[in-house]
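A.B. asks: what's the 3D shape of this:
(one chain, ligands or ions: 2)
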Amino acid sequence: MKVHIIGGGNLGVSIALGIAKFSKNNQVTVTRRNIASIQYLSEYGITVSSDNKHNIQEADVVILTIKPYQVDTVFAEILSAIPGKTIASAVSGLSLDVLQEKTNGTFPVVRIMPNIAAQFGESATCISFPEKDREKALPIVDLFQDLGTAPVIDEKLMDAATVLGACGTAYALRYIRASMQAGIEIGFDSQTALAIAAQTVKGAAKMLLEEKVHPEQLIDRVTTPQGCTIVGLNEMEHNGFSSSLIKGIKTSLKQIKG
Ligand SMILES: NC(=O)C1=CN([C@@H]2O[C@H](COP(=O)(O)OP(=O)(O)OC[C@H]3O[C@@H](n4cnc5c(N)ncnc54)[C@H](OP(=O)(O)O)[C@@H]3O)[C@@H](O)[C@H]2O)C=CC1
Ligand SMILES: O=C(O)[C@@H]1CCC=N1
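C.D. replies: Ligands and ions are numbered 1, 2, ... in the order given. Next up, the predicted model:
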């Protein structure tokens with residue numbers, strides 16, 4: 001598959017590198033206006049250009065990883081050159097209806113919501129598409145399955161998926177940062193604290209994904225009666241640990257919905 005990514009920033013580069021490293025038989029082009037910082041992508045076989053239309057006619061899919069306010073400018077530039085080509089948008093908050101309206105209803109459209117762990121083959125990429133575009137969308141689902149997981153979801157949950165799956169990377173990193181800071185306070189140097197905190201989160205996530213159980217079942221295996229885990233957990237909950245996460249996630253969702 002030939003993949004043309006417009007918007008070689010944080011997400012666009014992650015997807016490009018993920019495709020280059022974790023998928024087979026795909027070619028990637030990435031564009032942005034100032035390409036100096038992404039020239040290194042050519043070392044991975046990725047074509048880099050400051051021209052959004054560079055080789056675009058050969059592409060099987062055009063992926064948009066630009067900000068919402070950049071969409072109209074990019075469409076004005078490219079649409080006439082790619083009639084009927086599949087457009088996959090990772091633009092947050094841009095619904096399939098609006099995407100179809102902006103493309104005059106004449107392009108197959110797919111909404112994708114990856115996260116920046118695509119670069120490491122570990123993205124949770126939620127995908128939705130109109131039923132009429134299923135045939136065109138399925139190869140894109142396959143592509144993102146190579147970059148982690150790629151559940152097809154109801155479009156009405158795409159904003160929620162943005163928060164849980166894409167913003168979620170930042171929330172998880174903040175948890176790790178806090179653990180690291182605590183680790184320093186209780187005696188570790190920062191690098192060791194970070195390594196322990198990050199590996200512990202990775203291990204916890206792996207157990208959940210492989211055992212497919214409720215987190216509390218695993219927590220039960222850690223919390224020795226009258227032990228140190230349960231007192232720490234309860235102290236965190238008294239201070240609003242779960243509650244603040246839930247509130248934060250709902251606030252992020254409100255921001256997307258406007
Ligand atoms: N970052 C993330 O974790 C995630 C982001 N998203 C969504 O992806 C989109 C991009 O986010 P993110 O990667 O963080 O943003 P960035 O600002 O890092 O990337 C956007 C890129 O678009 C380029 N760009 C701007 N205008 C044009 C243009 N006219 N033609 C071509 N390229 C252009 C910019 O480069 P230049 O100025 O050089 O052109 C920039 O590199 C947003 O809609 C965001 O909501 C979704 C999921 C996760
Ligand atoms: O913060 C943002 O708006 C984007 C969307 C999801 C992740 N980053």
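A.B. asks: can you list the residues of the protein near ligand 2?
C.D. replies: Ser92, Thr162, Ala166, Cys167 (C-beta under 6 Å from any ligand atom). C-beta coordinates here come from the backbone N, C-alpha and C atoms, glycine included.
A.B. asks: out of those residues, who's near ligand 1?
C.D. replies: Among these, the residues within reach of ligand 1 (C-beta under 6 Å from any ligand atom) are Ser92, Ala166.
A.B. asks: With secondary structure, pLDDT and distance to Gln57 added, can I get the residues of the chain next to ligand 2 in a markdown table?
C.D. replies: Below are the residues of the chain next to ligand 2 laid out as a markdown table (DSSP: H, G, I helix; E, B strand; the rest coil; pLDDT from 0 to 100; distance: C-beta to C-beta, whole Å):
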| residue | secondary structure | pLDDT | distance to Gln57 |
| --- | --- | --- | --- |
| Ser92 | coil | 96 | 28 |
| Thr162 | helix | 98 | 31 |
| Ala166 | helix | 98 | 30 |
| Cys167 | helix | 98 | 35 |
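A.B. asks: show me where this structure has strands.
C.D. replies: 2-6, 27-31, 47-49, 61-64, 86-89, 109-113, 123-124, 126-128, 148-149 (DSSP state E).
A.B. asks: Export these to JSON lines and append columns for mean pLDDT.
C.D. replies: Converted to JSON lines, the strands of the chain look like this (pLDDT from 0 to 100):
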{"stretch": "strand 2-6", "mean pLDDT": "98"}
{"stretch": "strand 27-31", "mean pLDDT": "98"}
{"stretch": "strand 47-49", "mean pLDDT": "98"}
{"stretch": "strand 61-64", "mean pLDDT": "98"}
{"stretch": "strand 86-89", "mean pLDDT": "98"}
{"stretch": "strand 109-113", "mean pLDDT": "98"}
{"stretch": "strand 123-124", "mean pLDDT": "98"}
{"stretch": "strand 126-128", "mean pLDDT": "98"}
{"stretch": "strand 148-149", "mean pLDDT": "98"}
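A.B. asks: Let me have those in TSV, adding distance to ligand 1 as columns.
C.D. replies: Below are these laid out as TSV (distance: least, C-beta to the nearest ligand atom, whole Å):
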stretch	distance to ligand 1
strand 2-6	5
strand 27-31	5
strand 47-49	10
strand 61-64	8
strand 86-89	8
strand 109-113	6
strand 123-124	9
strand 126-128	10
strand 148-149	13
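A.B. asks: can you put those in TSV and add mean neighbour count and distance to Val71?
C.D. replies: Compiled in TSV, these are given as follows (neighbours: other C-beta atoms under 10 Å; distance: least, C-beta to C-beta, whole Å):
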stretch	mean neighbour count	distance to Val71
strand 2-6	24	10
strand 27-31	24	14
strand 47-49	18	19
strand 61-64	25	7
strand 86-89	24	8
strand 109-113	26	12
strand 123-124	25	22
strand 126-128	24	17
strand 148-149	16	25
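A.B. asks: quick one: which of those strands is nearest His238?
C.D. replies: Minimum separation from His238 across these (C-beta to C-beta) falls at strand 123-124, 30.7 Å.
A.B. asks: Need the pLDDT of Lys257.
C.D. replies: Per-residue confidence (pLDDT) for Lys257: 89.
A.B. asks: Distance of it relative to Asn234?
C.D. replies: 34 Å (C-beta to C-beta, to the nearest Å).
A.B. asks: list the contacts for Ser89?
C.D. replies: Ser89 makes contacts with Ile63, Leu64, Val71, Leu99, Val109, Val110, Arg111, Ile112, as judged by C-beta atoms under 8 Å, 6 or more residues apart in numbering.
A.B. asks: Please apply the same query to Leu218.
C.D. replies: Ala204, Met207, Leu208, Glu211.
A.B. asks: Need the phi and psi values for the closest residue to Phe22 other than its chain neighbours.
C.D. replies: The shortest distance from Phe22 to any residue other than its chain neighbours is 3.9 Å, reached at Gly121 (C-beta to C-beta, 6 or more residues apart in numbering). Main-chain torsions, Gly121, degrees, to the nearest 10: phi 70, psi 30.
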